[in-house]
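Colleague: give me coordinates for this.
(one chain, ligands or ions: 1)
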Amino acid sequence: MTHIVRTKQLTRAYRGKEVVSNVNMNIKQGEIYGMLGPNGAGKTTVMKMITGLVKPTAGEIEIFGERLTDTSYRQLGRMGTIIENPIFYEKLTARENLELHTEYMGYHNKKSIDEALELVNLKGIDGKLVKEFSLGMKQRLGIARAITTKPELLILDEPINGLDPLGIKELRDLFKMLSKQYGITILISSHILGEIELIADTIAVMNDGKLLQEVSMEHIAKLTTEYIEITTNESSKAVYVLENYLHITNVRVNDEGQIRIYDCSIPQNELMKVLVMHDVAIEAVHKKKGSLEDYFLSILNGGGLVA
Ligand SMILES: Nc1ncnc2c1ncn2[C@@H]1O[C@H](COP(=O)(O)OP(=O)(O)OP(=O)(O)O)[C@@H](O)[C@H]1O
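Modeller: As a prediction, the model looks like this:
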């Protein structure tokens, strides 16, 4: 398996406080790798380190099989990026902005500018000044700029921020197309689970500077299968029995006091029998299917659903 990006114990601190701590990421060639995490989780900082904008305090980054250093210009030239809101020369047209960028990157090629404008649906309005562009149009122009140099790796920091549902769908389709048809590897971040879920092949869950989980969507599909839910008003006693007599560790109690058991190989009737034997009054037991949202919440809350 070829990895396009690997980070090892990647760490960044500001004034002694770590905002990214020991992050190990493995991005495979051709995949869409989604970083999911709340605001402030450290996603942008990781992306800035990968694109050489911020220097790690500790750890290593390997891109295209080579370690990233202060002089990795060649590697950086093989990437297209949008980090934070894309900034343009507002008094120039969209096309002039792209021309300047490709010249600066040493990649001037009219055909690639035309293609990029076409792909993001800005062909026809590329003669407009950027200051007349809406936020959504600027986002799309940012993507056009990132792809004009035909990058092998595209790094997109919250690219759907501020877009309407139609604009979001268009971009999602574009990213999928770039990945499938052009084989471009994409690293994308979002704080919206529903977005990452629809697009990513692998998801990295970040919180408070740490990468809590790196997991493939295929694997998640299997894991969000089933759990057993027990309704009882003696939940603490029931959890005690489950943990101590049946050695079940993957137990959670939800806000309503219901107990959920994940990854359980013990049959439902056996669970019931042991609980009843220990005088736990049970109101109901059901087998249910977990949602993706439940799954991620359990990761963020320190759960360990992944085998
Ligand atoms: N230059 C800096 N100096 C000090 N602290 C910083 C700096 N850059 C980022 N931070 C802090 O690092 C933490 C992580 O920020 P980062 O922007 O990487 O998070 P994020 O997951 O991308 O969130 P967001 O979506 O809000 O950008 C935040 O607490 C932020 O305040």
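Colleague: C-alpha from now on. contacts and neighbour counts both.
Modeller: Noted.
Colleague: so residue 144: helix, strand or coil?
Modeller: When classified by DSSP: H, G, I helix; E, B strand; the rest coil, residue 144 comes out as helix.
Colleague: quick check: it touching residue 114?
Modeller: No: Residue 144 is beyond contact range of residue 114, at 9.5 Å (criterion: C-alpha atoms under 8 Å).
Colleague: give me the more crowded residue out of those two.
Modeller: residue 144 (26 against 17; other C-alpha atoms under 10 Å).
Colleague: OK, contacts around the more buried one?
Modeller: Residue 144 sits next to 98, 113, 116, 117, 119, 120 when contact means C-alpha atoms under 8 Å, 6 or more residues apart in numbering.
Colleague: now flag whichever of those residues is closest to the ligand.
Modeller: Nearest to the ligand, judged by C-alpha to the nearest ligand atom, of the contacts of residue 144 is residue 120 at 23.6 Å.
Colleague: now the contacts of residue 144 in TSV, with neighbour count, pLDDT and secondary structure?
Modeller: Shown next, in TSV, are the contacts of residue 144 (neighbours: other C-alpha atoms under 10 Å; pLDDT from 0 to 100; DSSP: H, G, I helix; E, B strand; the rest coil):
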residue	neighbour count	pLDDT	secondary structure
98	28	95	helix
113	21	93	helix
116	24	92	helix
117	25	94	helix
119	18	89	helix
120	19	89	coil
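Colleague: can you pull out the helices in the chain?
Modeller: Remark: helices assigned in the chain by DSSP state H are 43-50, 73-77, 94-104, 110-119, 135-147, 165-182, 193-199, 217-223, 235-245, 268-277, 292-300.
Colleague: now do the fourth one against helix 135-147, angle only.
Modeller: Translated: helix 110-119. 140 degrees (axes from the mean of the first three to the mean of the last three C-alpha atoms, to 10 degrees).
Colleague: from the rest of the structure, what touches helix 110-119?
Modeller: By C-alpha under 8 Å, 6+ apart, the residues outside helix 110-119 that reach it are 95, 98-99, 123, 126, 141, 144-145, 147-150, 174.
Colleague: identify the farthest-apart pair in those.
Modeller: 99 and 174 (21.7 Å; C-alpha to C-alpha).
Colleague: in terms of neighbours, single out the busier of the two.
Modeller: Legend: neighbour count by other C-alpha under 10 Å for residue 99 and residue 174, higher for residue 99 (19 against 16).
Colleague: and stretch 199-208, average pLDDT?
Modeller: The average pLDDT within stretch 199-208 is 95.
Colleague: for that stretch, how far is the first residue from the last?
Modeller: 24 Å (C-alpha to C-alpha, to the nearest Å).
Colleague: hang on, the earlier thing: let me have the contacts of helix 110-119 in TSV, adding distance to the ligand as columns.
Modeller: Below are those laid out as TSV (distance: C-alpha to the nearest ligand atom, whole Å):
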residue	distance to the ligand
95	28
98	25
99	29
123	30
126	29
141	20
144	22
145	21
147	22
148	25
149	25
150	25
174	22
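Colleague: closest to residue 202 out of the residues you listed?
Modeller: Using C-alpha to C-alpha, residue 174 comes nearest to residue 202 of the contacts of helix 110-119, at 17.9 Å.
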